[in-house]
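> Predicted coordinates and the sequence they were generated for:
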Amino acid sequence: MSDNKEKEICGAEEEAVTNVRISDEVVATIAAIAAVEIEGVGGMCGTRTGDIIEKFGKKNSAKGVKVDIADGSVRIHMNLLVVYGYRIPDVCAEVQEAAKTAVEGMTGLHVSEITVLVQGITAAKEGDAGEEA
C-alpha cells in the first residue's frame, strides 16, 4: 500500500503548474550583448531619451534594442553602429544570427523577426584593422 501512496504523491508533483515570464528588457539585453560581440559592430545606438537617462547614471544594457513578445514569438529591432571598413550587409547578417541564437538558446522563445538599422559608421578601434570592402 505504501507504494501506491508514493506514486500518487509523485503524480501530484508532476502535475504542478509553473509559470516563467521573461521581461522584454531581459530579451533586449541578451540581443544587445550578442550584437556587440560581433566583429565590425562599433556599438549600439539608443534613443535620445535613453541617452539622457544614461547621463543621469542609469546604465542601459539593452541600449538600441526594442523587443515585442507576443504568443511566444519575439520581434527584435536593433539600432547599431558599424565600424568603418566592414561590409555592412555581412555585419548585419552576423548580428541577426547571433542575436537569434542567443535569445532562442537562453529563453526558449521563438525569434520570428530581427530588424537591424545601421544608424552610422564609427572609426575602427585600436588594434581593429577591419575588412576591406
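All right, it came through fine.
> Which helix or strand contains residue 106?
Using DSSP states H and E, residue 106 falls within helix 88-107.
> what about this protein, any weak spots by pLDDT?
1-16, 47-61, 125-133 (pLDDT under 70).
> Grab the CA positions of whichever helix or strand comes after the helix holding residue 106 and hand them over as PDB.
Proceeding N to C from helix 88-107, the next assigned helix or strand is strand 110-122, under DSSP H and E. Output in PDB follows, covering the C-alpha atoms of strand 110-122 (Å, rounded to 0.1, in the frame of the first residue of the first chain):
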ATOM      1  CA  HIS A 110      11.000  31.700 -31.000                       C
ATOM      2  CA  VAL A 111      12.500  34.700 -32.700                       C
ATOM      3  CA  SER A 112      10.400  35.500 -35.700                       C
ATOM      4  CA  GLU A 113      12.000  38.700 -36.900                       C
ATOM      5  CA  ILE A 114      15.100  40.700 -36.300                       C
ATOM      6  CA  THR A 115      15.400  44.100 -38.000                       C
ATOM      7  CA  VAL A 116      18.800  45.800 -37.900                       C
ATOM      8  CA  LEU A 117      19.000  49.600 -38.600                       C
ATOM      9  CA  VAL A 118      22.500  50.900 -39.100                       C
ATOM     10  CA  GLN A 119      22.500  54.400 -37.600                       C
ATOM     11  CA  GLY A 120      26.000  55.300 -38.500                       C
ATOM     12  CA  ILE A 121      29.700  54.400 -39.100                       C
ATOM     13  CA  THR A 122      32.300  54.700 -36.500                       C
END
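> Okay, buried residues for strand 110-122 please.
Buried residues in strand 110-122, counted by 16 or more other CB atoms under 10 Å: 111, 114, 116, 118, 119. All C-beta spots, glycine's among them, are computed from the backbone N, C-alpha and C.
> Output these as TSV; include the columns distance to residue 75.
Formatted as TSV, the buried residues of strand 110-122 follow (distance: CB to CB, whole Å):
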residue	distance to residue 75
111	8
114	8
116	13
118	18
119	19
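> Cool, thanks, talk later.
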